[in-house]
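**Q** Provided below are the primary sequence and the corresponding predicted coordinates.
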Amino acid sequence: MHEPLSADFDAAWKSVLSSGRFHLGPETAALEAEMAEHEGAQYGVCCGSGSDALYLALRSLDIGPGDAVATLSNSFMATAESIARTGAKVLFVDPDPTTRGMDPRDLRNLLDEPGAAALKAIIPIHLYGRRSDLEGIRAALADAGRDDVDLIIDAAQCHGSPGVASETRLTCYSFYPAKNLGALGDGGLVLTNDEALADRIRGLRNHGRAGKHEVGEVGINSRFDEIQAAVLRIKLRHLRTWNAQRQQVAAGYREGLANVSGLTVPPDGAGHVYHLFVVEVGASIRAAFVAGLKARGIGVGQHYPVACHHMAPYPSDRPLPVTERLVTRVVSLPMFPGMRSDEVDATVDAVKAVLSELNA
Ligand SMILES: Cc1ncc(COP(=O)(O)O)c(C=O)c1O
């Protein structure tokens with residue numbers, strides 16, 4: 001992915017080096033504007049990581065101790081962590097068993113529970129690159145009469161899905177290297193259509209500063225590097241192509257793995273950008289399935305084998321049966337832009353061979 005861009009990267013480092021400006025300079029401002037336009041929002045604010053993006057978005061809504069924020073447990077721990085960092089309580093909603101995104105039916109259940117009185121925001125996660133059911137989530141909130149609850153999207157796995165940042169007040173991204181749009185290190189971004197929120201986040205990411213020596217509130221150091229911005233601007237030009245290549249890989253898997261007994265293949269969805277392609281197998285055979293694929297040279301992962309509510313800082317007061325089941329079953333197949341069709345075929349063949357051995 002990076003090899004064909006190396007001449008562009010060389011020119012970018014030289015230009016940043018000679019500018020003498022190493023963070024929050026013109027490259028960062030240009031990336032913020034370009035990402036906002038690309039994703040369908042008006043304002044962008046870069047920061048140190050996707051985790052910080054979520055934390056800063058929550059802070060911009062004045063969320064803190066005494067409040068509660070709901071998200072998924074079958075995901076990366078950073079979302080729960082960002083809520084906890086504000087001092088708010090983390091509430092978990094079960095996912096839909098098919099899409100694995102937040103289930104509006106379980107959200108509706110939560111809204112009737114006593115803990116929901118403190119609910120200030122929901123962070124749906126566009127998990128694996130698939131868009132959450134925002135229509136359903138909004139309908140659940142409306143049904144419960146909760147138009148006071150804000151929506152923040154965790155789009156850390158969903159860069160480049162058309163119009164993704166136009167749907168809610170705040171959308172948060174990670175530029176972790178393995179993401180669909182990844183830096184050569186850490187980085188994050190908040191997109192919004194709300195100028196006041198953008199201004200507030202701009203202050204909060206830089207020690208809460210309102211001027212060079214003026215501090216309006218307690219912030220953090222979450223500035224953004226010019227070198228990373230320059231790299232990301234080069235990579236952004238290829239994001240649509242790379243996402244289309246991911247979609248092609250997913251189509252190849254879906255065709256090759258249709259009707260394989262003992263395997264659940266994820267359904268396609270509008271705007272799915274396939275950060276990951278996560279299949280499911282029976283819990284009792286998962287370890288052997290993973291070992292069998294690795295023995296055949298197929299690099300697989302598990303996203304995520306431990307639910308956040310089983311991690312010490314984020315216990316859940318409510319049962320999460322779908323999450324409990326998913327974390328025992330998920331397996332991520334290789335997925336990257338430029339993956340060749342013979343590599344997809346080899347993976348499909350290996351999956352079938354390992355499963356038939358295990359089911360024999
Ligand atoms: C869904 C999700 N949210 C948040 C994050 C946090 O991003 P970062 O690692 O940039 O802090 C990640 C990934 O790393 C993620 O996958």
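**A** That came through, no problem.

**Q** what residues go with each domain of the protein?
**A** Annotated domains of the chain cover 3-236, 239-359 [automatic domain parsing].

**Q** just the element for Trp13, please.
**A** Using DSSP states H and E, Trp13 sits within helix 6-19.

**Q** need the contact partners of that helix.
**A** Outside helix 6-19, the residues that touch it by C-beta atoms under 8 Å, 6 or more residues apart in numbering are His2, Phe22, Gly25, Pro26, Glu27, Glu226, Ile227, Ala230, Val231, Arg233, Ile234. No exception for glycine: its C-beta is placed from N, CA and C like everyone else's.

**Q** one more pass at 7 Å, please.
**A** The contact list for helix 6-19 (C-beta atoms under 7 Å, 6 or more residues apart in numbering) reads Gly25, Glu27, Glu226, Ile227, Ala230, Val231, Ile234.

**Q** one more: stretch 96-103?
**A** With C-beta under 7 Å, 6+ apart, stretch 96-103 has contacts from 72, 74, 93-95, 124, 127-128, 130, 132-133, 137, 267, 269, 322, 326.

**Q** follow-up on the earlier one: the helix holding Trp13: what's the following helix or strand?
**A** Downstream of helix 6-19, the next assigned helix or strand under DSSP H and E is helix 26-39.

**Q** got the angle between that following helix and helix 6-19?
**A** Using axes from the mean of the first three to the mean of the last three C-alpha atoms, to 10 degrees, the direction of helix 26-39 lies 130 degrees away from that of helix 6-19.

**Q** packing partners of helix 26-39?
**A** strand 43-47, strand 188-192, helix 226-236 (3 or more C-beta pairs under 7 Å, 6 or more residues apart in numbering; DSSP states H and E).

**Q** quick one on the thing from earlier: can you tell me which of the contacts of helix 6-19 is closest to His213?
**A** Gly25 (20.2 Å; C-beta to C-beta).

**Q** and the closest one, how far from the ligand?
**A** Between Gly25 and the ligand the distance is 21 Å, computed by C-beta to the nearest ligand atom, to the nearest Å.

**Q** wait, that residue touches Glu226, no?
**A** Yes - using C-beta atoms under 7 Å, Gly25 is in contact with Glu226, at 4.8 Å.

**Q** which one's more surrounded, the two?
**A** Glu226 (25 against 17; other C-beta atoms under 10 Å).

**Q** and the closest residue to Ala156 other than its chain neighbours, how many residues sit next to it?
**A** Of all residues not flanking Ala156 in the chain, Ser174 sits nearest, at 3.8 Å (C-beta to C-beta, 6 or more residues apart in numbering). Around Ser174 there are 28 other residues, counting by other C-beta under 10 Å.

**Q** please report phi then psi for Ser174.
**A** Main-chain dihedrals, Ser174, degrees, to the nearest 10: phi -110, psi 140.

**Q** hang on, it packs against Gly188?
**A** Yes - contact criterion C-beta under 7 Å: Ser174 and Gly188 qualify, at 5.4 Å.

**Q** give the intersection of the neighbour lists for the two.
**A** Common neighbours of Ser174 and Gly188 are listed as Ser49, Gly50 (criterion: C-beta under 7 Å, 6+ apart).

**Q** still on that earlier bit, of the domains of the chain, which stretch is the most buried?
**A** Mean neighbour count (mean count of other C-beta atoms under 10 Å) peaks for domain 3-236 among those, with a mean of 20.

**Q** can you name the helix or strand that the residue positioned nearest the centre of the chain falls in?
**A** The structure's the chain has its C-alpha centroid closest to Ala156; by C-alpha atoms, centre = their mean the separation is 2.6 Å. For Ala156, there is no host helix or strand (DSSP H and E).

**Q** from memory it sits against Ser51, does it?
**A** No - counting by C-beta under 7 Å, Ala156 stays clear of Ser51, with 8.9 Å between them.

**Q** export the helices and strands packed on helix 26-39 to a markdown table and tack on mean pLDDT?
**A** Formatted as a markdown table, the helices and strands packed on helix 26-39 follow (pLDDT from 0 to 100):
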| stretch | mean pLDDT |
| --- | --- |
| strand 43-47 | 98 |
| strand 188-192 | 98 |
| helix 226-236 | 98 |
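
**Q** the ligand is nearest to which of these?
**A** strand 188-192 (5.2 Å; C-beta to the nearest ligand atom).

**Q** which strands or helices does that closest one pack on?
**A** Secondary-structure packing of strand 188-192 (3+ C-beta pairs under 7 Å, 6+ apart): helix 26-39, strand 43-47, helix 50-60, strand 170-174.

**Q** ok, 10 Å please
**A** Packing partners of strand 188-192 (3 or more C-beta pairs under 10 Å, 6 or more residues apart in numbering; DSSP states H and E): helix 26-39, strand 43-47, helix 50-60, strand 150-154, strand 170-174, helix 195-204.

**Q** quick one: that strand near the ligand?
**A** Yes - counting by C-beta under 6 Å from any ligand atom, the ligand is contacted by strand 188-192 at Gly188.

**Q** next one: that strand to chain centre, how far?
**A** 12 Å (C-alpha atoms, centre = their mean, to the nearest Å).

**Q** Ala121 in helix, strand or coil?
**A** Assigned with DSSP: H, G, I helix; E, B strand; the rest coil, Ala121 falls in the strand class.

**Q** contacting residues for it?
**A** 57-58, 61, 63, 67-71, 83, 86, 88, 148-152, 169-170 (C-beta atoms under 10 Å, 6 or more residues apart in numbering).

**Q** which positions in this protein make contact with the ligand?
**A** 49-51, 75-76, 78-79, 125, 154, 156-157, 174, 176, 186, 188.

**Q** let's see 5 Å
**A** The chain has residues Ser49, Gly50, Ser51, Phe76, Ala78, Thr79, Ile125, Asp154, Ala156, Ser174, Tyr176 near the ligand, with proximity defined as C-beta under 5 Å from any ligand atom.
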